[in-house]
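> Mind looking at a prediction? Sequence and model below.
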Amino acid sequence: MTMTQQDTDAMRALSGLDDDRAPVRLRAALAVGTALEARFVGKLVERCAAEPEFFVRDMLTWALTRHPVSLTLPALLRELRSERAQARSQALRTLSEIRDRQAWPAMTEALLCDADDEVARSAWRAAVVLVPEDDKPALGTLLAAQLGRGGHDTQLSLSCPDSAGRFPVQSQTPRRPDRRGVARRPPTGSGPRARPAIRRGSSWAVLRIRKSGSR
């Protein structure tokens, strides 16, 4: 393939990010992430702030993580100051995947306590990944103050890590195996088998931070 053909294909993929069809945008994000061209970073960040479909945003994040941190980090940090909640939220999600601790100073109390639940949840996830050892006790205290905030999904974001020990990207009611090894939902409601309200328990994130900080 000639350089001209490669450039044409890359530009076609870039334009596909604005297509009306979600599957086309998904394929375009995959292509742009594979092409790895510095000039595309700005467009990827821009689309993160506007993309309505979660699975496409997830691919946009993947594409950004493929590029050098020296290119992506400045653009993502700028997004944290955006007035658009989705721009802040998706930038935080991407920072939690990149895991570069240069981003830690940007994890401000304003983001961790953002009025938008999605932004706050993304900030909690990013902060737990990025926090230095010396700052874990203070972060644990701040996260503890958020216990009981919002609805069920928001509360789960502080309480239930995924299998890799991170906050889930999309909170789901956790399942546990029964005696036959079949996953079942934990009981809800009242009675001895009822699942306790999250606000009465301890946050997994807070416990993880506090235990690490006390060593």
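Arrived safely, thanks for sending.
> From residue 98, how far out is residue 37?
Between residue 37 and residue 98 the computed distance is 18 Å (C-beta to C-beta, to the nearest Å). From N, CA and C alone the C-beta is placed, and that goes for glycine too.
> When the two are compared, which one has more neighbours?
The neighbour comparison of residue 37 against residue 98 (other C-beta atoms under 10 Å) goes to residue 98, with 21 against 14.
> Tell me the secondary structure at the closest residue in space to the more buried one that isn't next to it in sequence.
Leaving out its chain neighbours, the residue that sits closest to residue 98 by C-beta to C-beta, 6 or more residues apart in numbering is residue 65, at 5.6 Å. Of the three states, residue 65 takes helix under DSSP: H, G, I helix; E, B strand; the rest coil.
> neighbours of residue 65, just the number please.
15.
> just residue 103 next, same as before
Counted with other C-beta under 10 Å, residue 103 comes out at 23.
> For it, which non-adjacent residue is closest in space?
residue 95 (4.8 Å).
> which residues touch the helix or strand harbouring that neighbour?
Applying DSSP states H and E as the criterion places residue 95 in helix 85-98. Contact with helix 85-98 is made by 45, 48-51, 57, 60-62, 64-65, 69, 72-73, 76-77, 79-80, 82, 103, 106, 111, 114, 116, 118-119, 121-123, 125-126, 129-130, 166-167, 169, as judged by C-beta atoms under 8 Å, 6 or more residues apart in numbering.
> First residue to last residue on stretch 130-148, what's the distance there?
Counting by C-alpha to C-alpha, to the nearest Å, you get 23 Å between the two ends of stretch 130-148.
> Check the residue most central in space within the chain and give its pLDDT.
Central residue of the chain (C-alpha atoms, centre = their mean): residue 93, 2.7 Å from the mean position. With respect to pLDDT, residue 93 scores 96.
> PyMOL command to pick out the buried ones of the contacts of helix 85-98?
To isolate the buried members of those in PyMOL, using 16 or more other C-beta atoms under 10 Å:
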select buried, resi 45+48+49+51+57+60+61+64+72+73+76+79+80+103+106+111+114+118+119+121+122+123+125+126+129+130+167+169
